[in-house]
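Participant: Generate a structure from the sequence data that follows.
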Amino acid sequence: MTYSGERILLSNEREGQTSRFRLWVVAAVGLVSILFQVYVPRHLPFLAFLEMPLLVTVYFALVRRSQISGLLVGAAIGLAEDSLAPHPLGMFGIIKTLVGYFAASVGVRIDVDHAFIRLLLGSFFYVFHQVLYWVMTRALLGRPLVLDWPRTVIEGVLNGVVGVALFLFLDRLKIRS
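Facilitator: Reported below is the predicted structural model:
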């Protein structure tokens, strides 16, 4: 097994290919994730820790393996989520744009088709998202916000577990070539 200097942990060319989705699938999945984020915690408060728009952003950025598409998906989902959130417009737009870019950058370098890698990345990007939100709230808005690290890490792992199941479902929506 040989690895190229550009990509690590990709054993053959098929694993390095980008995945394709129909535009309506990306839009529908993004919309459903935002509606889930807005309405499900109101009726089922124990699911408030789930960050579905983030998981969808991470998934599409990872499997597309393109920083530009990661930026666009992150920005679209983040701004749409901002329009329904009580905080100033742009917070989630900026954060999810950065998450989309970095997730796509990771997708270019490593094979993201393995469940354990997806679990780690889902957990990592949840914690990354929370830290960026904390930084932006304190720096840009000047509001005090406490970052509870143990809770954030536990919620990150739980989001990673849900992300693995979600990613398996979303894999079935790919365009087969």
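Participant: Identify each buried residue in the lengthiest helix in the chain, please.
Facilitator: In the chain, assigned by DSSP state H, the helix with the most residues is helix 115-139. Under the neighbour-count criterion of 16 or more other Cβ atoms under 10 Å, helix 115-139 has 117-119, 121-130, 132-133, 136-137 buried. (Each C-beta comes from the backbone N, C-alpha and C, glycine too.)
Participant: which residues touch stretch 57-68?
Facilitator: 16, 18-19, 21, 26, 29, 69-70, 73-74, 77-78, 96, 99-101, 103-108, 112, 118, 121-122, 125, 163, 166-167, 170-171, 174 (Cβ atoms under 8 Å, 6 or more residues apart in numbering).
Participant: Show me how far that stretch is from its chain's centre.
Facilitator: 9 Å (Cα atoms, centre = their mean, to the nearest Å).
Participant: for the record, mean pLDDT for it?
Facilitator: Per-residue pLDDT over stretch 57-68 has a mean of 92.
Participant: Any buried residues in it, and which?
Facilitator: Per 16+ other Cβ under 10 Å, stretch 57-68 contains these buried residues: 57-67.
Participant: With distance to residue 34 added, can I get those residues in CSV?
Facilitator: CSV is the format used below for the buried residues of stretch 57-68 (distance: Cβ to Cβ, whole Å):
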residue, distance to residue 34
57, 11
58, 15
59, 14
60, 14
61, 16
62, 19
63, 20
64, 19
65, 24
66, 22
67, 23
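Participant: Once you drop chain neighbours, what's closest to residue 152?
Facilitator: residue 130 (5.0 Å; Cβ to Cβ, 6 or more residues apart in numbering).
Participant: And the one you found, what's its pLDDT?
Facilitator: With respect to pLDDT, residue 130 scores 96.
Participant: Might you specify the subset of the buried residues of stretch 57-68 located within helices?
Facilitator: Counted as lying in helices by DSSP H, out of the buried residues of stretch 57-68, are 57-64, 67.
Participant: Tell me how far the spatially most central residue of the chain lies from residue 125.
Facilitator: Closest residue to the average C-alpha location of the chain: residue 58 at 2.5 Å, with Cα atoms, centre = their mean. Distance of residue 58 to residue 125, given as Cβ to Cβ, to the nearest Å: 5 Å.
Participant: Which pair of the ones in helices among the buried residues of stretch 57-68 spans the longest distance?
Facilitator: Checked with Cβ to Cβ, those reach their widest spread between 59 and 67, with 15.3 Å between them.
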